[in-house]
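> Sequence first, predicted coordinates after that:
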Amino acid sequence: MSRPSKDEYFMEIAQVVSKRSTCLRLHVGAVIVKNGQIISTGYNGAPHGFDHCLDIGCIRENQNIAHGTRHELCRAVHAEQNAIIQAAIHGASIEGAAVYCTHQPCILCTKMIINGKIKRVVYLNEYPDTSSLDFLKQAGVEVVRMPGGKNELQPEQVPLEQKQSSV
């Protein structure tokens, strides 16, 4: 057994964190790391004190809302948001940190990542909110997609340049 790289190590931790998710549709985990140390973790689920979707059902599923759209119609706080909030609650700066996410951040999380001055995003699975990658690039945030993840984009949502390069 070979020793995992730091990216592999922190991504495996994000995958374990995702197991705490209370979302019925997608289990997402995030780990914020600064100077090689874990600052905070987060997973997607209902706000503190609210009933979990596991217990009462999914609003998005009931309304047949597609992944990557209408984020406001969801009870869950996203994994990246929860990790950023936990760092703030505990007074830990995330400036210059990296965030390891089991899924590509959505546009809402991306804006929080940018304003939190996180400098590196490492993710495993694609998510059908492709505008987030453009925002991260424009902000100068390094983005790394780990090998072995799933492509959760619908064929009609794959960016044109990806369609052309896969032909």
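Nice, thanks for sending it over.
> what residue ranges in this protein score low on pLDDT?
The model of the chain has pLDDT under 70 over residues 73, 151-167.
> did I read that right, T102 in a strand?
Yes: per DSSP: H, G, I helix; E, B strand; the rest coil, T102 lies within a strand segment.
> was I right about it contacting L26?
No: look at T102 against L26 with Cβ atoms under 8 Å: they stay out of range, at 9.0 Å. (C-beta placed from N, C-alpha, C; glycine too.)
> For these two, indicate the residue with more neighbours.
Shown here are T102 and L26; by other Cβ atoms under 10 Å, T102 has more neighbours (27 against 18).
> residue ranges for the helices of the chain, please.
6-18, 53-56, 59-62, 79-89, 107-115, 131-138, 160-165 (DSSP state H).
> if you compare the ones you listed, which one is most tucked away?
Each of the helices of the chain was scored by mean neighbour count; the highest is helix 79-89, a mean of 21, by mean count of other Cβ atoms under 10 Å.
> Quick one: list the elements packing against that one.
With contacts taken as 3 or more Cβ pairs under 8 Å, 6 or more residues apart in numbering; DSSP states H and E, helix 79-89 sits against strand 29-34, strand 37-43, strand 98-103, helix 107-115.
> can we see that at 10 Å?
Counting contacts by 3 or more Cβ pairs under 10 Å, 6 or more residues apart in numbering; DSSP states H and E, helix 79-89 is packed against helix 6-18, strand 29-34, strand 37-43, strand 98-103, helix 107-115.
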